[in-house]
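Asks: How does the following fold in three dimensions:
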Amino acid sequence: MPIDLRSDTVTVPTQKMRDAMRDAVVGDDVYGEDPTINQLERLAAEIVGKEAALFVTSGTQGNQVAVLSHTQRGDEVILEEHSHIFYHETAGLATIAGVQARTIKGVNGQMPIPEIVSAVREDDVHCPSTALICLENTHGDSGGRILPLSYMEEVFQVSRQYQIPVHLDGARLFNAAIGLGVDPKEMTKYTDSVQFCLSKGLSAPMGSILAGPKEYIKRARKWRKMLGGGTRQAGIVGAAGIIALEEMVDRLQEDHIHAKALAEGLACIDGIDIDAEGVETNMIMFFIDKLGVDAGEFIRQLNKFDILANPSGPFRIRFVTHRGITKDDIDRTIEAVKHIAAKKVNI
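Replies: Okay, the predicted model is just below:
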């Protein structure tokens, strides 16, 4: 089997999840009659401290439903310039929600507070209305960096001052919670809505959760239906989601330990530019421009060692640890990079 460091989305369900999926009690979720989905939504809402929750087919669908439920066409949304909602959701803000993105350059995913304040539109006939602030925790493009609680609180205070809701793209919310050593509620209390994935590190085969106030989730349910997310006997996959939330959160710490070990090993290799101290969760970003090869060639060299990875720029590589990665895999990857770097540095 290859060492697959492309993403934690490659995780497969556990045997217990497969058994639960086989035996799940199901019904028509569009009618609200799937008992397993109903159980999952109650559990998810309780975990993040919200009144209600909605099962959606993916994180992208969850984020788009969230925006639709907070905004009207022609509104403006404030978000970080490399946020997943803006950068990796195929222009859904514009094409689906019909809203305008107001992007702000962040540092490790954190938009400067004064710039958020400056981005809030005045009541002017020439301007769109600022309808939503979006945060992402952990922040993927920054290498899985965690937004501190103090920062989330500051953003929330600004949002209250201007009466603008905050949506959290928490695709890897539990990685952030484990990294901070806090209950997820300590983060989500500074949000009006939150989306988080059941797949990725939690290993469910599919699905995400959108959570928020009851009336908000009622609107979201209708938008989900419009987007084709009104599933029928969804409890078959929802059963795996329940196990993901009940049994798979604490083990994320192992992924963080592996990522830190990998980063520290890479930091000792000539030609690899990495901030090992900045690795906070299960994601690693590093630069290879000093090796004299681009990301595509570097990954082709990795493939010869049966290692899979993704580029994150012309000279930037991303590694993501997950349940399928062992300590031996980490050691083998470090040795492979040493071999590739030695060849390229000596050219």
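Asks: for stretch 324-338, which positions count as buried?
Replies: 324-325, 329-330, 333-334, 336-338 (16 or more other CB atoms under 10 Å). C-betas here are computed from N, CA, C, even on glycine.
Asks: mind giving me TSV with the residues you listed and columns for secondary structure and pLDDT?
Replies: Formatted as TSV, the buried residues of stretch 324-338 follow (DSSP: H, G, I helix; E, B strand; the rest coil; pLDDT from 0 to 100):
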residue	secondary structure	pLDDT
Gly324	coil	97
Ile325	coil	98
Asp329	helix	98
Ile330	helix	98
Thr333	helix	98
Ile334	helix	98
Ala336	helix	97
Val337	helix	98
Lys338	helix	97
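Asks: which of the residues you listed lies closest to Glu154?
Replies: In terms of CB to CB, no member of these lies closer to Glu154 than Ile325, at 34.9 Å.
Asks: Now that closest one. Nearest residue, chain neighbours left out?
Replies: In space, and not counting its chain neighbours, Ile325 is closest to His258: 5.7 Å by CB to CB, 6 or more residues apart in numbering.
Asks: which element is the one you found on?
Replies: helix 252-267 (DSSP states H and E).
Asks: Then Cys134?
Replies: Secondary structure (DSSP H and E) places Cys134 in strand 130-136.
Asks: Report the distance from that strand to the chain centre.
Replies: Remark: strand 130-136 is offset 16 Å from the chain centroid, using CA atoms, centre = their mean, to the nearest Å.
Asks: all helices of the protein, in order?
Replies: Taking DSSP state H, the helices of the chain run over residues 15-23, 35-48, 59-70, 84-87, 92, 113-119, 149-162, 173-180, 185-188, 214-226, 235-247, 252-267, 295-303, 327-345.
Asks: nearest to Gly313, of the ones you listed?
Replies: Across the helices of the chain, closest to Gly313 is helix 295-303 (CB to CB), at 6.6 Å.
Asks: Report the buried residues of the closest one.
Replies: For helix 295-303, using 16+ other CB under 10 Å, the buried residues are 295, 298-299, 301-302.
Asks: My read is that the residue nearest to Ile325 contacts Lys327, right?
Replies: Yes. Between His258 and Lys327 a contact is recorded at 6.8 Å, counting by CB atoms under 8 Å.
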